[in-house]
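# With the sequence up front, the predicted model follows.
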Amino acid sequence: MTDLDVAYFEAYRRIRDFALANPSFFPNGSRADVNFKVMIEGIPKVEASGALQKSNIGKAATVTKESIAASIWLRLRKLNRTARGLAVDRPEIGELFRMPHGDNYQVLLAAAMAFHTNSEPYEAELIECGMRPNFRTDLLSDINDFQAAIGDQNEAKGTKVGATGNIKAEMKLMHDAWKRLLGIVPNILEDNPAKLAEWTSACHVKRPPKKNHGNNEGGNTAPNS
């Protein structure tokens, strides 16, 4: 959320607390009550989505993916080196195990799958040249783990995008409720100066200082998430 969003959200929290502390002024089902409930129900949703936005689920998936990618790269390097030795007498083998170029993960994955497939008919010869007996099984295991890590990372990204969308939707609902309450609550509390003062303080949005690079004027503009 932007600094302005946070300022609005803090106001929404104060409005919720004011409503919970003064239920007798706002009968159940009244217009004020309905709009206060938008705050009461929306605030925990925004807090939960905000926690997802700040979580390390995406970072954890990325670290896992990078670790497996490094393992795959070493396995391909070893196969490539061994195949070059065999290619002295059988040049066609060397052509089957060329290292991929660049740092694109999809290119690395495609190369790993190709190495695994291409190594099958030459497995015995590669093992005779020093490759471990289970080298193909180990490579396939890394390929499967790598695909799973990519899926986890994409899921994490989707989760965070969804959280951002949820925040934006809930903030819009609460902003509309806030504007309605600005017109309702002062009428209900006009004969109670103390409570009216509490309400005025609670609903006031403490706007952050303006930044030099913007010309955003004040007013009851909706927050952007």
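Sure, I can see it. Bear in mind the structure is a predicted one, so any value in this text is a computation, not a measurement.

# Quickly note the distance from the residue lying closest to N22 once chain neighbours are set aside to M39.
Among residues not flanking N22 along the chain, K195 sits closest, at 6.6 Å (CB to CB, 6 or more residues apart in numbering). To be clear about C-beta, it is placed using only N, CA and C from the backbone, and glycine gets the same treatment. For K195, the distance to M39 equals 17 Å [CB to CB, to the nearest Å].

# Compare the two (neighbour count), which wins?
When neighbours are counted by other CB atoms under 10 Å, K195 and M39 differ, and M39 comes out ahead with 24 against 17.

# packing partners for whatever helix or strand L173 lives in?
Element membership for L173 (DSSP states H and E) is helix 135-188. Taking 3 or more CB pairs under 8 Å, 6 or more residues apart in numbering; DSSP states H and E as contact, the helices and strands that helix 135-188 lies on are helix 3-21, helix 31-54, helix 57-86, helix 105-119, helix 123-128, helix 193-203.

# residues of the third one that come out buried?
Residues of helix 57-86 classed as buried: 58, 61-62, 64-65, 68-69, 71-73, 75-76, 78-80, 82-83, 86 (neighbour count, 16 or more other CB atoms under 10 Å).

# what about it, distance to the chain center?
Chain-centre distance of helix 57-86: 26 Å, with CA atoms, centre = their mean, to the nearest Å.

# Let me know the next secondary structure element after that helix.
Per DSSP H and E, the first helix or strand lying C-terminal to helix 57-86 is helix 91-95.

# Pull the CA coordinates from the lowest-mean-pLDDT helix or strand in the chain and hand them back as PDB.
Counting by mean pLDDT, DSSP states H and E, the weakest-scoring helix or strand in the chain turns out to be helix 31-54, with a mean of 80. Presented in PDB, the C-alpha positions along helix 31-54 are these (Å, rounded to 0.1, in the frame of the first residue of the first chain):
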ATOM      1  CA  ARG A  31     -27.300   2.800   7.900                       C
ATOM      2  CA  ALA A  32     -24.500   3.700  10.200                       C
ATOM      3  CA  ASP A  33     -24.300   0.200  11.600                       C
ATOM      4  CA  VAL A  34     -24.100  -1.400   8.100                       C
ATOM      5  CA  ASN A  35     -21.300   0.900   7.100                       C
ATOM      6  CA  PHE A  36     -19.400   0.400  10.300                       C
ATOM      7  CA  LYS A  37     -19.600  -3.400   9.700                       C
ATOM      8  CA  VAL A  38     -17.800  -2.800   6.400                       C
ATOM      9  CA  MET A  39     -14.900  -1.600   8.400                       C
ATOM     10  CA  ILE A  40     -15.100  -4.300  11.000                       C
ATOM     11  CA  GLU A  41     -15.200  -7.000   8.400                       C
ATOM     12  CA  GLY A  42     -12.800  -5.500   5.900                       C
ATOM     13  CA  ILE A  43      -9.900  -4.600   8.200                       C
ATOM     14  CA  PRO A  44      -8.900  -8.200   9.100                       C
ATOM     15  CA  LYS A  45      -9.100  -9.100   5.400                       C
ATOM     16  CA  VAL A  46      -6.700  -6.300   4.500                       C
ATOM     17  CA  GLU A  47      -4.300  -7.300   7.400                       C
ATOM     18  CA  ALA A  48      -4.300 -10.900   6.200                       C
ATOM     19  CA  SER A  49      -3.600 -10.000   2.600                       C
ATOM     20  CA  GLY A  50      -0.900  -7.600   3.700                       C
ATOM     21  CA  ALA A  51       0.800 -10.400   5.600                       C
ATOM     22  CA  LEU A  52       0.800 -12.500   2.400                       C
ATOM     23  CA  GLN A  53       2.300  -9.500   0.500                       C
ATOM     24  CA  LYS A  54       5.100  -9.300   3.000                       C
END
